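> Quick one, what's the 3D model for this:
(chains A and B)
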Amino acid sequence: MEEENVNILNFDDALKALNTVSEAFNVNVWIPSKQKEYSFKELEAKQQKNMLSSAMNSSVYNTSFVKNMYNVINSNFLDKENQNIINDFTIFDKFAIAVSLKDKISDETSITFDEKNNIVKKLSLKPIIEKFKTFNTPKSEFLEVDNENFKIKLEISVPTILEELEYEEQINKKEKKVDDIKNTDDIQKIISEAFIGETTKYIKMIYVNGNDLGFNNIDFTKKIRLVEKLPSGILQKILQIVSKWKQEVDSILTVETEVDGKNYTKVISIDGVFFLS
Amino acid sequence: MFLYKVDFPFSEKVINFKELNTKNQLDIEKINLYYPQTSEFSIDYHENFLKIVRECVENKEDFDNLNIIEYVLFCLKLRIVSIGNNIDFNVKNDRDDVNNINIKVNLSEIMQNILNLSLNSLKEYFVDDEVRDMLITIGFPPLNSVKYFSDWMHSGKDVSEIVMESLPFFIKQVKIKNDILDFDNFSFEQRTKVYGSFPVSIKNKIEQLIIGCISKIGENNVFGLEYFKDEKINFYNLFFVNFLRVVFSQNPKGIYEEIYILSNFHVDSNYVMSISPSERKVFISFIKAQQKSKESSTDTITNDMQNMKNSSAVDDLAVEFGDIPPN
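Alright, predicted model coming up:
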């Protein structure tokens, strides 16, 4: 019998060995904004646990999930030579990555179509992965507002995952828990902050009378203060564009089922709970 | 002298050991009396019991690396060698019209039961990924995990959460090509960290396998008797602490009586403390036999005297010597 030459590894080497083998457990993801496929390491057990923890987080914001998902994309991206490219990935690319990683964990995902009537179905995510291959990332759009004294021009684009992370780290660092909401004023405040915050994330550049305000180089606290000064009409237009883009991506994330002759549809939410189902 | 040895199926270790001595047995009875039989004291009882049992082992390092099932098997073997194979339970009956029930338990059969239960539950105990040349072997939690199970038991956490947290203790080894990750060499924190680095698809398979194993091993009672139907292997309630307590439980008064008898027969007390309970029984049986034969010889002399008293020959002898015959 041939004698096997084996090495007993210490803890540090064990982690390295496991890390190396983990890279062989990979998943190819179509990144819509790059129109290209990239390889990612499959989700690790610890990462999955963090995702589940973020699902349990009672914060009214999604900060913990945003951070976890960014960390997963950052550490599981296998094209190390082009590591920085991940910071260009959009939040819609993030959805494609999340769906592919989840599909690798389990063949079927449990979707609740109707909580009240307990309509829950297990579905494959593969059709969504296929649909993402046909999805075109929305191109930047420009909005202009003129009056007698000034001319404002805004560039609107889908935020990158890095911008989304920066926003969460700078604005939502003090997590507001559900228990912190005491009255309707608190709710209104949160909604209005979220509204301005969401809008701000989609603004790439602001030009006033042709001058670049350097919007891209300031932190989100300052960005929000600037956006708050914009005319409400322009904010409304931004919201319309954002809403249109979200509908496009929602159509990709929509699943359907039929129960007792009734059709149900559901837009899958990409959050911590998604990795639980 | 460590005259005995026992080899174990999972760790493939051979443990050399000697019998418990009288002092060890008394110490066990003392902790049996001292620690209440409640879950709060399980870990204290276990730690002290382990100290006593460990004294009987020659290769202590190997012993420390046994898993909990192997530890239970070892303790049973030690009990058989030192005290005996059978236990009589006099069990109270709830019905007034029925006397207490006497249940005889054969420890060798229990050992076999536990061995079968554990081997069956680990029947297919590996996750084999041929593509990546990776083999993960599942095992039972090591002896040094007992403290963690005790903490979990009192943590107030949900059972499913505890089970998920404890899973790294059920991995024995991971083999990647020619490299072996021996989990027995890792602390719990290290085990958890390595476990956290598994790809989720592999982790899911491991999870299913371990949960299947935990359920299967807890299906049947370890005694194989209806009366003990609730005595099942369950790591999460430290089943084995109470089980061993029952198996090693003896009447301390009886032990002290035997020591007292032996001392009265000039057997050196240090020597008594150093011999095993089985040896002590042998000495006691000698003494009892001697006492019995003494009693029967005393009876013979008394009878002879009585017979002599009633004999006419005695009277004749007395008269011959000018004496008065006895009444």
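> which phi and psi does the residue in the stretch 201-327 of chain B positioned nearest to chain A have?
Using CB to the nearest CB, the closest approach of the stretch 201-327 of chain B to chain A is made by B:Lys203 at 4.1 Å. Where C-beta positions appear, they are placed from N, C-alpha and C, glycine not excepted. B:Lys203 adopts backbone torsions of phi -60, psi -40, taken as degrees, to the nearest 10.
> go on, A:Lys36?
Dihedral pair for A:Lys36: phi -150, psi 150, per degrees, to the nearest 10.
> Look up how far A:Phe40 lies from A:Asp79.
9 Å (CB to CB, to the nearest Å).
> Comparing these two, which residue is more hemmed in?
Using other CB atoms under 10 Å in any protein chain shown as the criterion, A:Asp79 and A:Phe40 rank with A:Phe40 on top: 23 against 11.
> by contact count, what packs against the strand or helix carrying that one?
Secondary structure assignment for A:Phe40, by DSSP states H and E: strand A:36-41. Packing partners of strand A:36-41 (3 or more CB pairs under 8 Å, 6 or more residues apart in numbering or on different chains; DSSP states H and E): strand A:26-31, helix A:63-76, helix A:91-105.
> what's the following helix or strand after that strand?
Using DSSP H and E, the helix or strand that follows strand A:36-41 in sequence is helix A:45-56.
> And for the residue in chain A that chain B sits nearest to, the neighbour number?
Proximity of chain A to chain B (CB to the nearest CB) peaks at A:Lys46, 3.0 Å away. Other residues near A:Lys46 come to 17 when the count uses other CB under 10 Å.
> nearest spatial neighbour of it, skipping sequence neighbours?
In space, and not counting its chain neighbours, A:Lys46 is closest to B:Gly196: 3.0 Å by CB to CB, 6 or more residues apart in numbering or on different chains.
> what ranges do the strands span in the stretch 151-300 of chain B?
Along the stretch 151-300 of chain B, counting by DSSP state E, counting those that start in this stretch, strands occupy B:171-176, B:179-182.
> Might you list the low-confidence residue ranges for the stretch 151-300 of chain B?
Residue ranges of the stretch 151-300 of chain B with pLDDT under 70: B:298-300.
> give me the element residue 135 is part of.
I'll assume chain A. For A:Phe135, there is no enclosing helix or strand under DSSP H and E.
> ah, no, chain B please
With elements taken from DSSP H and E, the one containing B:Leu135 is strand B:134-138.
> what's that strand in contact with?
Contacts to strand B:134-138, defined as CB atoms under 8 Å, 6 or more residues apart in numbering or on different chains, come from residues A:21, B:122, B:125-129, B:170-176, B:202, B:206, B:209-210, B:213.
> ok and it relative to strand B:171-176, angle-wise?
Interaxial angle, strand B:134-138 versus strand B:171-176 (axes from the mean of the first three to the mean of the last three CA atoms, to 10 degrees): 170 degrees.
> Relative to strand B:134-138, what are the paired strands and their orientations?
Strand B:134-138 sits in its sheet next to strand B:126-129 (antiparallel), strand B:171-176 (antiparallel), going by DSSP bridges.
> List the residues that contact the residue nearest to A:Phe77 when sequence neighbours are not counted.
Spatial nearest neighbour of A:Phe77, excluding adjacent residues (CB to CB, 6+ apart): A:Ile86 at 5.3 Å. Contacts for A:Ile86 (CB under 8 Å, 6+ apart) come out as A:Ile73, A:Asn74, A:Phe77, A:Ile161, A:Leu162.
> cool, and B:Asp7?
By CB under 8 Å, 6+ apart, the residues touching B:Asp7 are B:Lys13, B:Val14, B:Ile15.
> Quick check: of those, which has the highest neighbour count?
Neighbour counts for the contacts of B:Asp7 (other CB under 10 Å) peak at B:Ile15, which has 24 neighbours.
> give me the number of residues near the closest residue to chain A within chain B?
Using CB to the nearest CB, the closest approach of chain B to chain A is made by B:Gly196 at 3.0 Å. B:Gly196: 18 surrounding residues under other CB under 10 Å.
> related to what we said a few turns ago, deepest in the core, which of the strands paired with strand B:134-138 is it.
Of all the strands paired with strand B:134-138, strand B:171-176 has the most neighbours on average by mean count of other CB atoms under 10 Å in any protein chain shown, namely a mean of 21.
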